[in-house]
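Chemist: Sequence isn't available, so here's the structure alone:
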């Protein structure tokens with residue numbers, strides 16, 4: 001059974017990983033077929049067949065398939081997607097929208113959640129600690145498209161303060177979670 005260990009990580013072949021002095025783990029993550037190796041390969045290319053994956057991680061086809069299934073059942077692998085180039089789709093402007101609100105009651109929050117999850121342009125919504133209440137990430141064609149999004153957003157939910165920062169250059173953008 002695959003287990004996520006407290007203070008450790010995803011186990012290799014069902015073993016709980018816990019730190020053992022000097023950063024060593026209970027099993028070697030880099031061993032053939034270890035969960036981090038499987039996850040690293042799948043994050044690099046989610047289209048790999050079981051045969052291709054098993055060859056890359058030095059496991060039999062059946063053992064590889066079982067381990068991937070365990071990772072899916074445990075909720076470690078949550079889906080497989082195709083990554084697209086937003087600019088080639090005409091969505092070249094990435095925007096971070098900073099929101100402060102004076103209202104934090106459950107009704108407002110429900111209305112806010114419904115609003116932000118209903119806009120396909122909004123690709124990330126984060127509740128923050130500190131001075132900011134929420135940070136939203138959106139992909140739009142240009143500043144005019146952002147303004148239309150902004151107008152639709154404030155029509156749906158009352159906000160105290162909204163500001164936006166437009167990304168000038170993407171230096172690093174990845175969906176890969178460090179597992180190695």
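Modeler: Yep, it's here. Please read these numbers as outputs of a predicted model, since none were measured by experiment.

Chemist: how about low-confidence regions in this protein?
Modeler: For the chain, the stretches with pLDDT under 70 are 1-33.

Chemist: now the helices for the protein?
Modeler: Counting by DSSP state H, the chain has helices at residues 35-44, 50-57, 61-73, 106-117, 143-156.

Chemist: most neighbours per residue, which of these?
Modeler: Of the helices of the chain, the one with the most neighbours on average (mean count of other CB atoms under 10 Å) is helix 35-44, at a mean of 20. C-beta here means a position set from N, CA and C on the backbone, and glycine is covered the same way.

Chemist: And that helix, what does it pack against?
Modeler: Judged by 3 or more CB pairs under 8 Å, 6 or more residues apart in numbering; DSSP states H and E, the packing partners of helix 35-44 are helix 50-57, helix 61-73.

Chemist: could you dump those helices to CSV with distance to residue 159?
Modeler: Formatted as CSV, the helices and strands packed on helix 35-44 follow (distance: least, CB to CB, whole Å):
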stretch, distance to residue 159
helix 50-57, 46
helix 61-73, 38
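
Chemist: of those, which approaches residue 82 most closely?
Modeler: Taking CB to CB, helix 50-57 is the member of the helices and strands packed on helix 35-44 nearest to residue 82, at 17.2 Å.

Chemist: The closest one relative to helix 35-44, how many degrees between them?
Modeler: If you take axes from the mean of the first three to the mean of the last three CA atoms, to 10 degrees, helix 50-57 sits at 120 degrees to helix 35-44.

Chemist: Against which helices or strands is helix 50-57 packed?
Modeler: Here helix 50-57 touches helix 35-44, helix 61-73, going by 3+ CB pairs under 8 Å, 6+ apart.

Chemist: so the first one versus helix 61-73, what angle?
Modeler: Here helix 35-44 runs at 80 degrees with respect to helix 61-73, directions being taken by the same axes, to 10 degrees.

Chemist: Pull the distance from helix 35-44 to the chain's centre.
Modeler: Distance, stretch centre to chain centre, for helix 35-44: 15 Å (CA atoms, centre = their mean, to the nearest Å).

Chemist: Taking the centroid of the protein, which residue is nearest it?
Modeler: The centroid of the chain falls nearest to residue 175 when counting by CA atoms, centre = their mean (6.1 Å).

Chemist: Tell me how far residue 64 lies from residue 139.
Modeler: Separation of residue 64 from residue 139 (CB to CB, to the nearest Å): 35 Å.

Chemist: nope, residue 84 is what I meant
Modeler: From residue 84 to residue 139 the distance is 10 Å (CB to CB).

Chemist: So the two - more neighbours on which side?
Modeler: Just comparing residue 84 and residue 139: by other CB atoms under 10 Å the higher neighbour count belongs to residue 139, 22 against 9.
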